[in-house]
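Asker: Sequence first, then the predicted structure, then my questions.
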Amino acid sequence: MRQIPDPLSSKFKTLLINNKIPQKDHFSYLKWLRYYLDFCHKYGFKEYDTQSLTPFISKLKEKKQTAAQQKQAAKAINIYYDFIHSQSGYPHKKPAQQSPKKVMVQEPPGSFQELPRPRSDPSHRRPDSASKGAVQEDARENWKKAFAELVNETKVRHYSPKTLKSYSTWVRKLYRHCKGKNPELLATEDVKAYLTDLAVKQKVSASSQNQAFNALLFFYRRVLNREFGEIDGVVRAKRRPYIPVVLSREEVDSVIEKLKYPYDLVVKLLYGCGLRLFECLNLRINSFNFDFGILTVHDGKGKKDRTVPLPQTIMPEFKAHLQKVKALHDRDLDEGYAGAFLFDALEKKYKNAAKEFIWQWFFPAKTLTFVPGANEYRRYHLHERHVQKAIKRAVNKAKIYKRATAHTFRHSFASHLLQANYDIRTIQELLGHSDVRTTMIYTHTIKSQTIKDAKSPLDF
């Protein structure tokens, strides 16, 4: 099959963005263009001739392509026609006068690139004077610089993207609460008022309020380079003891039965190894040691590594899944794609690592992701939201009336081990908890089996 020339491929990707084609469909649109060019070459049609579209769609129909696929292919080729006929030297169509379209570029998590103007911003309404507008614009520029510094500080400390997203969200909310006040003029009283507002008016949970406090503490110390100060008198949300939701073994099995591949295998790992969802989806091929039955979790919560035993009962399923991942990886290499996404500077150190099988995701995404800067396609892992939605549907189908989520299977893993009289310190290590007091919460999820009658050990 003929390949799309690189200049045309690059231009066509830009056209897809300009035509507001969803990023997830770019791969399919490129595929239809490649099929069309191959069709024209094979059957003697001219690539710029619109009369060739009808026989091309008829050919797709013969190949048992669905109506939706035929419609998508036609749209892809029409986008190609609009481009090719606008170029000099091609007949049939003259360049159309079109208004310029903006190419939307996705900003990093929580970017202040499009910082909203607070209601009190003089430029939001008719300004009283030019000086007020200038002062407010200066404050906005300082906020943009402060946020850029927040991104740098989190990356220097190798914080996870989720931490950056969380911190930037709370800083944004502080910006809105203070009505765009210059960050250089922020005082401890502003933070006090904001945290009190969270607890009293917004009625957020204690964990959310603590998260906001930690985010703003980091912002003050690392970005504004000044101490937080005393915050006595702040109304704090009351933290209540939390007892995790636990499923019985029968309920776990019934949920797995309602799940389709590969989501059933994801849940079997969540429950069978006690993994967090992000730990499970971030697994790569080199995380598995099938010979010794060991799974290594790299960069878990707190950037900690740990090992857990693999469930022997589903080892055949693991190996069958591995063969499917290998077949998918081989197809990606044949199509000339750039491999898997890698973390930090690993790819700079090992230039071919992204295409090596051992660095592929154990649960690869079904579609490829286009990287605009590098002008290439790469494969990511399954999206967390897709797994969560699949689990929710399965729980509903199994008619389980508990608030069960992906994390519930980790709770069930710990509770069932404790119920089987496993040592709490062993469970702590398997879960990756830093403090045994965190693991002790699972003592409340099972019936106590301790003998409470006082008795002398001489009478045992």
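Answerer: Happy to help now that I have it.

Asker: So which residues make contact with the top strand by length along the chain?
Answerer: Secondary structure of the chain per DSSP state E: the longest strand is strand 364-371. For strand 364-371, contacts defined as CB atoms under 8 Å, 6 or more residues apart in numbering pick out 13, 23-24, 26-27, 325, 328-329, 332, 337-338, 340-341, 376-383. Glycine gets a C-beta too; all of them are placed from N, C-alpha and C.

Asker: Listing partners with orientation, what would you give for it?
Answerer: strand 376-381 (antiparallel) (DSSP bridges).

Asker: Counting neighbours, which bits of the partner strand end up buried?
Answerer: Across strand 376-381, burial judged by 16 or more other CB atoms under 10 Å covers 376-379, 381.

Asker: Any chance of a markdown table for those, columns distance to Leu33 and pLDDT?
Answerer: Listed next are those as a markdown table, based on distance: CB to CB, whole Å; pLDDT from 0 to 100:
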| residue | distance to Leu33 | pLDDT |
| --- | --- | --- |
| Glu376 | 17 | 84 |
| Tyr377 | 14 | 87 |
| Arg378 | 20 | 90 |
| Arg379 | 20 | 92 |
| His381 | 27 | 95 |
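
Asker: Just put those in CSV and tack on distance to Pro309.
Answerer: Compiled in CSV, the buried residues of strand 376-381 are given as follows (distance: CB to CB, whole Å):
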residue, distance to Pro309
Glu376, 38
Tyr377, 36
Arg378, 32
Arg379, 29
His381, 23
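
Asker: Break this structure into its domains for me.
Answerer: 6-86, 132-223, 249-441 (automatic domain parsing).

Asker: Switch the ones you listed over to JSON lines; also include distance to Tyr242.
Answerer: Output for the domains of the chain, formatted as JSON lines (distance: least, CB to CB, whole Å):
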{"stretch": "domain 6-86", "distance to Tyr242": "37"}
{"stretch": "domain 132-223", "distance to Tyr242": "9"}
{"stretch": "domain 249-441", "distance to Tyr242": "7"}
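
Asker: sorry, back to before: would you mind writing the CA trace of the longest strand of the chain as PDB?
Answerer: The C-alpha trace of strand 364-371 is given here as PDB (Å, rounded to 0.1, in the frame of the first residue of the first chain):
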ATOM      1  CA  PRO A 364      -2.600   0.000  25.500                       C
ATOM      2  CA  ALA A 365      -5.200   2.400  24.400                       C
ATOM      3  CA  LYS A 366      -7.400   1.400  21.400                       C
ATOM      4  CA  THR A 367      -6.600   4.500  19.400                       C
ATOM      5  CA  LEU A 368      -3.400   6.400  18.700                       C
ATOM      6  CA  THR A 369      -2.600   9.900  20.000                       C
ATOM      7  CA  PHE A 370      -1.300  12.600  17.700                       C
ATOM      8  CA  VAL A 371       1.700  14.600  19.100                       C
END
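
Asker: Report the mean per-residue pLDDT for that strand.
Answerer: Mean pLDDT, strand 364-371: 88.

Asker: What of stretch 413-422?
Answerer: On average, stretch 413-422 scores 93.

Asker: what about that stretch, distance to the chain center?
Answerer: 31 Å (CA atoms, centre = their mean, to the nearest Å).

Asker: Stretch 51-63 too?
Answerer: That offset, for stretch 51-63, works out to 38 Å (CA atoms, centre = their mean).

Asker: now stretch 239-252
Answerer: 25 Å.

Asker: before we move on, what about stretch 284-295?
Answerer: Using CA atoms, centre = their mean, the offset of stretch 284-295 from its chain centre is 24 Å.

Asker: what's the answer for stretch 368-380, then?
Answerer: 15 Å.

Asker: Quick one: end-to-end distance for it.
Answerer: Terminal residues of stretch 368-380 are spaced 7 Å apart (CA to CA, to the nearest Å).

Asker: Give the buried residues for the longest strand of the chain.
Answerer: Neighbour-count burial for strand 364-371 [16+ other CB under 10 Å]: 364-365, 367-368, 370.

Asker: And stretch 335-342, by the same measure?
Answerer: Buried-residue list, stretch 335-342, by 16+ other CB under 10 Å: 337-342.

Asker: mind listing what His381 touches?
Answerer: So His381 contacts 281-282, 361-365 (CB under 8 Å, 6+ apart).

Asker: from memory Pro244 sits against Thr443, does it?
Answerer: No. Using CB atoms under 8 Å as the test, Pro244 is too far from Thr443 to be in contact (11.3 Å).

Asker: Please say which of those two ends up with more neighbours.
Answerer: Pro244 (15 against 12; other CB atoms under 10 Å).
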